[in-house]
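# How does the following fold in three dimensions:
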Amino acid sequence: MKLSLLHCGLLMLLTSLGVDPGQSLAADSPRPNVVVFLADDAGWGDYGVSGNTQVRTPHIDSLAQEGITLDRFYVQPVCSPTRAEFLTGRYHPRSGVRGVSTGQERMDLGEKTIADAFKAAGYATGAFGKWHNGSQWPYHPQARGFDEYYGHTSGHWGEYFDPPLERNGRMERAKGYIVDVCTDEALSFIERNRAKPFLCYVPFTTPHSPWAVTDEYWQRFKDKPITQRATQPQQENFDQTRCALAMVENQDWNVGRVLRKLQELGLAENTIVLYFSDNGPNSARWNGGMKGRKASVDEGGVRSVCFLCWPAKLPKGRTVTEIAGAIDLLPTLTALAGIKRIGDKPLDGRDLSPLLFGKDTNWPERMIFSSWAGNVSVRTPQYRLDAAGKLYDMLADQGQTREVSADHPEIAERLSQVVADWRREMFANNATLRPSPGNSVDPRPIPVGFTEFPITMLPARDGEPRGGVRRSSSAPNCSYFVNWTSREDRLVWNLEVQTTGQYEVVIDYTCPLPDAGSIIEVSMYDSRLTGKVTPGWDPPLYTNQDTIPRPPGESQMKEFHPLKLGTLHLEKGRGPLTLRALEIPGRSVMDVRRVTLTLLP
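Numbering: from 1, shown residues only. Okay, the predicted model is just below:
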């Protein structure tokens with residue numbers, strides 16, 4: 001539906017008076033619903049609307065055709081930093097996010113999120129998919145403004161078919177493909193909240209590895225020639241490209257399901273739909289000739305598509321060429337909805353609504369910073385200064401093929417100083433930009449024992465293996481502890497107990513049948529609980545999860561069994577929760593995926 005002549009005239013009048021039409025109209029009409037889709041590891045070039053002729057993304061493309069395209073939109077090089085910036089409107093170092101696993105992905109508790117703002121304004125709020133900014137309460141999504149949560153709170157997930165997922169603090173096994181089942185939950189949320197405004201956040205799991213997609217989509221690509229090549233074609237793995245694009249097509253189908261549901265319920269006209277990705281492509285594949293991919297601070301590692309569609313208010317088919325970023329989404333969406341931001345920490349992002357409406361304004365020139373693993377680059381409307389201090393004219397050279405520092409030494413010098421100043425400001429309280437080496441565990445303790453959220457899951461990724469124990473892979477997010485063979489070995493989680501009381505202890509484990517019978521102890525200071533590892537439980541590794549072989553750093557998964565150890569008394573305070581073996585009759589004790597502590601009433 002197009003805007004009425006009255007609305008069009010009102011927009012022109014408001015613009016001439018210097019009033020932001022996005023905020024003003026929202027106050028005089030029903031508040032819009034908001035649906036946010038966030039892709040995981042999709043590059044700018046993974047969409048038909050970007051010029052990719054190998055993939056079909058009609059539903060995602062329609063958001064650009066029917067709404068606004070932010071043509072120069074920048075995120076961070078990896079997952080959790082971008083997600084934190086979307087949620088807070090602030091550069092990720094400010095919020096304490098300095099890694100992607102082992103607790104380093106958590107946002108500081110003083111941060112307020114976009115969900116906090118919408119919830120305070122009376123919206124129903126739900127998140128369905130990959131969270132990746134903290135697992136335990138009060139880092140959990142339900143403590144950060146979301147009424148409902150379904151998905152996995154860590155980074156990449158090792159099971160895409162019939163996956164174990166969390167529903168509001170409890171694990172359950174889903175039936176189906178992970179993106180499909182999380183979208184099912186989003187559709188249910190929309191249906192249940194159709195009569196009130198809602199914020200529905202759908203952070204997809206794909207096309208992040210492991211390389212797994214339903215056969216229907218794989219059959220479209222498995223023998224398809226790759227005609228558009230990566231910027232560095234010698235690095236491209238054709239099957240990874242095929243699988244990534246197949247996962248994007250599945251994702252597009254799920255976007256279409258949500259758009260159809262909004263239409264069926266009569267909600268499409270007054271719903272803001274936003275789509276973007278969290279970093280550049282996770283493999284070498286076509287990306288418009290840009291330099292860099294995921295984990296790089298070059299253009300190809302941090303440029304994302306970004307589409308906003310709101311049929312009732314936003315112009316159709318408009319392209320915004322000014323630079324923008326994930327930090328801008330919180331102030332923009334709250335302004336469009338006419339609601340107040342929650343929190344008083346200074347924002348780094350700007351309200352983009354004047355640009356979205358084409359308001360005649362002198363948009364102040366700005367810079368957008370990208371950082372990861374000690375590398376920082378800065379983007380201006382024309383230039384990028386890369387992590388090595390080399391200057392590129394991005395309007396003339398999108399691929400960063402010709403350094404122009406010698407042609408513009410004053411610009412290179414000024415931007416180098418700007419980067420140095422930014423580093424000092426962002427990391428004043430941090431000795432280094434880099435995540436801790438070797439996936440070491442974040443020093444901030446894991447809170448345990450909140451009466452409003454009594455279940456605390458302690459996955460292997462958040463614990464520290466000692467002695468001969470190690471994680472099942474170098475990527476901790478969906479790993480488990482293995483090689484527990486000695487009485488000197490330890491599994492340790494750094495806790496801060498909030499409530500003195502009795503805690504039920506359950507361990508998700510596997511154990512070869514001949515090794516069953518070890519006596520184990522879980523302790524924290526003077527509190528101790530012992531039990532026996534029985535029965536033996538030795539399921540095979542899954543063989544149905546991978547379309548093509550997963551990267552060697554990612555764990556092969558299996559079915560874990562709950563071992564109900566008993567009840568442990570914990571006193572309020574901070575300290576290590578330690579798991580050790582007292583007797584080992586076999587060759588090993590067990591493999592451990594997680595320990596779950598439940599505060600009993």
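
# quick one: the closest residue to Glu159 other than its chain neighbours from Tyr160, how far?
Among residues not flanking Glu159 along the chain, Met557 sits closest, at 5.2 Å (CB to CB, 6 or more residues apart in numbering). From N, CA and C alone the C-beta is placed, and that goes for glycine too. Taking CB to CB, to the nearest Å as the measure, Met557 falls 10 Å from Tyr160.

# Need the overlap of contacts for those two.
Residues touching both Met557 and Tyr160 (CB atoms under 8 Å, 6 or more residues apart in numbering) are Gln545.

# Would you mind telling me which of these two has more residues around it?
Neighbours were counted for Met557 and for Tyr160 using other CB atoms under 10 Å; Tyr160 has more, 26 against 23.

# for the stretch 151-300 of the chain, which spans come out with low pLDDT?
Within the stretch 151-300 of the chain, no range satisfies pLDDT under 70.

# Report how many residues lie close to Glu322.
Counted with other CB under 10 Å, residues neighbouring Glu322 total 17.

# ok, it - contacts?
Glu322 sits next to 72, 355, 363, 381 when contact means CB under 8 Å, 6+ apart.

# show me where this structure has helices.
Assigned by DSSP state H, the helices in the chain fall at 5-16, 21-27, 58-66, 79-88, 114-120, 178-192, 215-221, 238-264, 299-302, 329-337, 353-356, 409-426.

# quick one: which of the ones you listed is nearest Leu385?
Closest approach to Leu385 among the helices of the chain (CB to CB): helix 409-426, 4.1 Å.

# What residues of the closest one count as buried?
By 16 or more other CB atoms under 10 Å, the buried positions in helix 409-426 come out as 411-412, 415, 418-419, 422-423, 426.

# Need the contact partners of that helix.
Against helix 409-426 from outside (CB under 8 Å, 6+ apart): 91, 93-94, 367, 369, 371, 376-378, 380, 383, 385, 389-391, 405, 433.

# then that helix to PDB, C-alphas only?
This file holds the C-alpha atoms of helix 409-426, laid out as PDB (Å, rounded to 0.1, in the frame of the first residue of the first chain):
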ATOM      1  CA  PRO A 409      49.900  12.000   3.100                       C
ATOM      2  CA  GLU A 410      48.000  14.400   5.200                       C
ATOM      3  CA  ILE A 411      44.900  12.200   5.100                       C
ATOM      4  CA  ALA A 412      46.900   9.100   5.900                       C
ATOM      5  CA  GLU A 413      48.600  10.900   8.800                       C
ATOM      6  CA  ARG A 414      45.300  12.300  10.200                       C
ATOM      7  CA  LEU A 415      43.500   8.900  10.000                       C
ATOM      8  CA  SER A 416      46.500   7.200  11.700                       C
ATOM      9  CA  GLN A 417      46.200   9.600  14.600                       C
ATOM     10  CA  VAL A 418      42.400   9.000  14.700                       C
ATOM     11  CA  VAL A 419      43.000   5.300  14.900                       C
ATOM     12  CA  ALA A 420      45.600   5.800  17.700                       C
ATOM     13  CA  ASP A 421      43.100   8.000  19.600                       C
ATOM     14  CA  TRP A 422      40.300   5.500  19.100                       C
ATOM     15  CA  ARG A 423      42.500   2.600  20.500                       C
ATOM     16  CA  ARG A 424      43.200   4.600  23.600                       C
ATOM     17  CA  GLU A 425      39.600   5.500  24.100                       C
ATOM     18  CA  MET A 426      38.200   2.000  23.500                       C
END
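
# What mean pLDDT does it get?
Averaged over helix 409-426, pLDDT sits at 97.

# Any regions of this structure where pLDDT drops low?
Low-confidence regions of the chain, defined here as pLDDT under 70, cover residues 1-28, 429-439.

# switch to 90 and redo it
1-29, 156, 359-362, 427-440 (pLDDT under 90).

# thinking again about what came up before, would you mind telling me which of the helices of the chain is nearest Lys345?
Between Lys345 and these, the shortest gap by CB to CB is with helix 79-88, which sits at 7.9 Å.

# how far off helix 329-337 does that closest one point, in degrees?
Put simply, helix 79-88 runs at 30 degrees to helix 329-337, going by axes from the mean of the first three to the mean of the last three CA atoms, to 10 degrees.

# and helix 79-88, how far from the chain's centre?
7 Å (CA atoms, centre = their mean, to the nearest Å).

# Give me the buried positions along it.
79-88.

# now do stretch 119-137
For stretch 119-137, the neighbour count (16+ other CB under 10 Å) marks 119, 121, 123-137 as buried.

# and Ser555, what is it in contact with?
Each residue near Ser555 by CB under 8 Å, 6+ apart is listed here: 158, 471-473, 475, 478-480.

# repeat for Val255
The contact partners of Val255, by CB under 8 Å, 6+ apart, come to 37, 59-60, 63, 275.

# with those in mind, which one is nearest to Met171?
Met171 has its nearest neighbour among these in Phe37, at 24.8 Å by CB to CB.

# isn't that closest one right next to Val273, touching?
Yes. Taking contacts as CB atoms under 8 Å, Phe37 lies within contact range of Val273: 7.4 Å.

# between the two, what contacts are shared?
Common contacts of Phe37 and Val273 (CB under 8 Å, 6+ apart): none found.

# List only those of the contacts of helix 409-426 flagged as buried.
Judged by 16+ other CB under 10 Å, buried ones among the contacts of helix 409-426: 91, 93-94, 369, 371, 376-378, 380, 383, 385, 391, 405, 433.

# Need the max-distance pair from the residues you listed.
Farthest-apart pair in these is Arg94 and Ser405; separation 29.4 Å (CB to CB).

# For the buried residues of helix 79-88, could you give me CSV that also reports distance to Pro30?
Listed next are the buried residues of helix 79-88 as CSV, based on distance: CB to CB, whole Å:
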residue, distance to Pro30
Cys79, 34
Ser80, 34
Pro81, 35
Thr82, 31
Arg83, 29
Ala84, 31
Glu85, 29
Phe86, 25
Leu87, 25
Thr88, 27
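
# Go through the residues you listed and name the one nearest Pro32.
Nearest to Pro32 among those, with distances taken as CB to CB, is Phe86, at 17.9 Å.

# ok now do that closest one, which residues does it touch?
Per CB under 8 Å, 6+ apart, neighbours of Phe86: 36, 38, 114, 326, 329-330.

# most neighbours, which of those?
Ala326 (31 neighbours).

# Can you verify my assumption that that one contacts Gln76?
Yes. Using CB under 8 Å, Ala326 is in contact with Gln76, at 7.2 Å.

# Please identify every residue contacting each of the two.
Contacts common to Ala326 and Gln76, judged by CB under 8 Å, 6+ apart, are 82, 85.
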